[in-house]
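[1] Next input, structure requested:
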Amino acid sequence: MAAANVRSSNSRFAAAKTFQRKPTPYSIAIYIIFLFTFSFFIFIFYSKHLLEQDEMIKNPLSEYSPSLQLVDEHLWGAPTQYGLHPCVKPTTKYKASEGWDRYITVKSNGGLNQMRTGIADMVAVAYILNATLVIPQLDKRSFWQDSSSFSDVFDEEHFITTLNGDIKIVKELPKELESVPRARKHFSSWAGMSYYEEMKQMWKEYQVIHVAKSDSRLANNDLPIDIQRLRCRALYYALQFSPPITSFGEKLVERLRSRAERYIALHLRYEKDMLSFTGCTYGLTDVESEELKIMREKTSHWKMKNINSTEQRLGGFCPLTPMEVGIFLQALGYSNTTLIYIAAGEIYGGNTRLSELKSYFPNIVTKESLTTEVELKTFGNHASQTAALDYIISVESDVFVPSHSGNMARTVEGHRRFLNHRKTITPDRKGLVEVFDKLESGQLKEGQSLSNLVIQLHKKRQGAPRKRGGPPPGIKGRARFRTEESFYENPYPECICGSKLAL
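    As a prediction, the model looks like this:
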């Protein structure tokens, strides 16, 4: 027992002796380093947490919120491409046209995009007829009264050289042929190969064929793949805008990007000529409605004179009003800070009507606000050239939204599909009329219920890949060609393939 007490006493003494030993400088340094490292990690952890909280307060759609990231991607992200790519190379059986002594002269008709697609058609027609194409004349008698020549709007040299392996293109008809009789022809709309094979008979009597109109001269479907791809090469590669237009258009895109990371290009087709042509007067005053009616009656080539505006709207044939566009985009989920570029001419009703859209999205930009007066003066009184600027900005936008399905809307959508299916939201105007009417009557209120309806209505209208649509069921005869989806609105599958090797 005594021995045990001695051992216990010795142990306590040893422990006390050890405890009282002074720490070495080395152990102190290690201890300080450990405390500093531990404190630093604690500081970093809490700082990051506080920054995340602060960021989420300032920016609820920030990258720190995974669920909100998905919302952001849904609003701005391009549809899934499924590995599809542009493909315009001809097949191994393709041979260039050799008809050097036969010529086609063309008078293009309509606005910019009607002329562009018409010229692409004429390239294909010249190939089918084995003829040389003379640089087309642009329409100078349309509503816009634009005096621009081909070289004012397009890069003429690029057009000629790019298609050198397909057809021969000359700037002017040879002088010795200027006075010879020409076959003046108004080719049939949406014509196929057999039609143009028959037209070759004209070469027996004429050396020059003059085409009075260029728009919609070729069928949308049932053409050889090499003809379809030639149309794509002509429109997307050969028919580039002139260097001054291209350069300035790119500069305007840069200016938009400097204002916001992303922007919507809105083709707000709420212009006087469109409202008059469609007979759509919803939301207008009696004076405005009468003005549009008089304009329609005085325009000789517009066949429909008496139009029921209510029926037009219920059928989805009217462009959305500026206010309806605001409600629509808000319901889709776009923030009121979203930058929106108005790709259009003068809005009917001016700033009064545009303010209806600005009440939802105040960050509105037009050509006039994006440029200086001197810059825009260069393109003044040249509607085709200013429309070309709108086209460039629309194709390059993060999201393109057309308020009506005109030539511009269809051609931009097709180009964006060709460029890896960039996001294009096409409003279901007929479906939206029912929604807007419920809002107006009080059956529906702006908020989550409205948002759910609009989002559901447009799930499959975001520009995702799909094959070009044919005519609606039950339509027979030549009328079916008019109702088919335009080739230039959706060049899939002929010019869009699943293999990179087909580029």
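
[2] Now for residue 306, how many residues are close by?
    By other Cβ atoms under 10 Å, 8 other residues sit near residue 306. C-beta here means a position set from N, CA and C on the backbone, and glycine is covered the same way.

[3] The one 10 residues further on now?
    The local packing count at residue 316 equals 15, with neighbours defined by other Cβ under 10 Å.

[4] And for residue 267?
    Residues lying near residue 267 (other Cβ under 10 Å) number 24.

[5] Now do the strands in the stretch 51-200 of the chain.
    85-86, 103-106, 132-134, 169-170, 183-185 (DSSP state E, counting those that start in this stretch).

[6] Residue ranges in the stretch 401-503 of the chain under the pLDDT threshold?
    By pLDDT under 70, the low-scoring segments of the stretch 401-503 of the chain are 499-503.

[7] Once you drop chain neighbours, what's closest to residue 77?
    Spatial nearest neighbour of residue 77, chain neighbours left out: residue 423 (7.1 Å); criterion: Cβ to Cβ, 6 or more residues apart in numbering.

[8] I'd guessed that neighbour sits against residue 400; true?
    Yes - counting by Cβ atoms under 8 Å, residue 400 is a contact partner of residue 423 at 7.2 Å.

[9] which residues touch the residue nearest to residue 77?
    76, 77, 78, 79, 398, 399, 400, 416, 462, 463 (Cβ atoms under 8 Å, 6 or more residues apart in numbering).

[10] State the pLDDT value of the first one.
    According to the model's per-residue confidence, residue 76 sits at a pLDDT of 95.

[11] sorry, back to before: could you redo the strands of the stretch 51-200 of the chain as TSV and give each row mean pLDDT, mean neighbour count and distance to residue 484?
    Formatted as TSV, those follow (pLDDT from 0 to 100; neighbours: other Cβ atoms under 10 Å; distance: least, Cβ to Cβ, whole Å):
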stretch	mean pLDDT	mean neighbour count	distance to residue 484
strand 85-86	95	17	22
strand 103-106	97	23	23
strand 132-134	97	23	26
strand 169-170	97	16	29
strand 183-185	95	14	23
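
[12] Show me which positions of stretch 96-113 end up buried.
    Buried residues in stretch 96-113, counting neighbours by 16 or more other Cβ atoms under 10 Å, are found at 97, 99, 102-113.

[13] Straight-line length of that stretch, end to end?
    Using Cα to Cα, to the nearest Å, the end-to-end distance of stretch 96-113 comes out at 27 Å.

[14] do the same with stretch 403-410
    OK, stretch 403-410 end separation, Cα to Cα: 11 Å.

[15] how distant is it from the center of its chain?
    A distance of 10 Å separates the centroid of the chain from that of stretch 403-410, by Cα atoms, centre = their mean, to the nearest Å.

[16] what's the answer for stretch 79-99, then?
    So, by Cα atoms, centre = their mean, the centroid of stretch 79-99 is 22 Å from its chain's centroid.

[17] Contacts only, for the closest residue to residue 462 other than its chain neighbours.
    Excluding its sequence neighbours, the residue lying closest to residue 462 (Cβ to Cβ, 6+ apart) is residue 79, at 5.4 Å. By Cβ under 8 Å, 6+ apart, the residues touching residue 79 are 421, 423, 462, 463, 464, 465.

[18] mind listing what residue 356 touches?
    321, 322, 323, 326.

[19] Could you pick out which of those are located in helices?
    Of the contacts of residue 356, the ones assigned to helices by DSSP state H are 322, 323, 326.

[20] Next one: the nearest residue to the second one once chain neighbours are set aside from residue 173, what distance?
    Just to be clear, that refers to residue 323. Leaving aside its sequence neighbours, residue 323 sits nearest to residue 356 (Cβ to Cβ, 6+ apart; 3.9 Å). Distance, residue 356 to residue 173, using Cβ to Cβ, to the nearest Å: 51 Å.

[21] Residue 493 too?
    Taken as Cβ to Cβ, the span from residue 493 to residue 173 is 37 Å.

[22] Would you mind giving me the confidence score for residue 301?
    For residue 301, the predicted pLDDT is 82.

[23] which ones are touching residue 371?
    Residue 371 neighbours (Cβ under 8 Å, 6+ apart): residue 252.

[24] and the residue nearest to residue 346 when sequence neighbours are not counted, what does it touch?
    Distances taken as Cβ to Cβ, 6+ apart place residue 271 nearest to residue 346, at 6.3 Å, with adjacent residues excluded. Shown in contact with residue 271 (Cβ under 8 Å, 6+ apart): 344, 345, 346, 347, 348.
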